[in-house]
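In: This is a predicted model, with the sequence first.
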Amino acid sequence: MKIVCLDAATLGDYDLSVFEKFGSLQIYTITNKEQTIERLKDANVAMTNKVVIDKDVIDACKNLKLILETATG
């Protein structure tokens, strides 16, 4: 399973390595709109706080099974 965190810089000081037990983990500090599809094209799980995952992204990323919204409130 491929897990991608799109905007780790917005999460604060959290250790994301716990997700490595579920598959390969790719962490990006910041992702802009133009990079989103490229970074998620083979991903099964997307982790996002501020990056928008819209219909275009979902349609383009056929392997995507789960979107984790890391924001609170």
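Out: Looks like it arrived, so ask away. Numbers count the residues shown, from 1 in each chain.

In: Strands of this protein, start to end?
Out: Along the chain, the segments classed as strands by DSSP state E run 2-5, 24-27, 45-48, 66-69.

In: Need those strands in TSV (columns: mean pLDDT, mean neighbour count and distance to Arg39).
Out: Bear in mind the C-beta positions are built from the backbone N, C-alpha and C, glycine included. As requested, the strands of the chain are exported to TSV (pLDDT from 0 to 100; neighbours: other Cβ atoms under 10 Å; distance: least, Cβ to Cβ, whole Å):
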stretch	mean pLDDT	mean neighbour count	distance to Arg39
strand 2-5	98	21	6
strand 24-27	98	16	8
strand 45-48	98	22	9
strand 66-69	97	12	13
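
In: Can I get these in a markdown table including distance to Asp15?
Out: Shown next, in a markdown table, are these (distance: least, Cβ to Cβ, whole Å):
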| stretch | distance to Asp15 |
| --- | --- |
| strand 2-5 | 12 |
| strand 24-27 | 11 |
| strand 45-48 | 13 |
| strand 66-69 | 16 |
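
In: Among those strands, which comes closest to Thr36?
Out: Thr36 sits nearest to strand 45-48 of all those, at 8.8 Å, using Cβ to Cβ.

In: coming back round to it: quick one, which of the strands of the chain gets closest to Ser17.
Out: Comparing the strands of the chain by their distance to Ser17 (Cβ to Cβ), the top pick is strand 24-27, with 7.3 Å.

In: May I have that closest one as CSV, with CA atoms only?
Out: C-alpha atoms of strand 24-27 as CSV (Å, rounded to 0.1, in the frame of the first residue of the first chain):
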residue,chain,number,x,y,z
SER,A,24,5.3,2.6,2.0
LEU,A,25,5.1,6.2,3.2
GLN,A,26,6.0,9.2,1.1
ILE,A,27,6.0,12.6,2.9
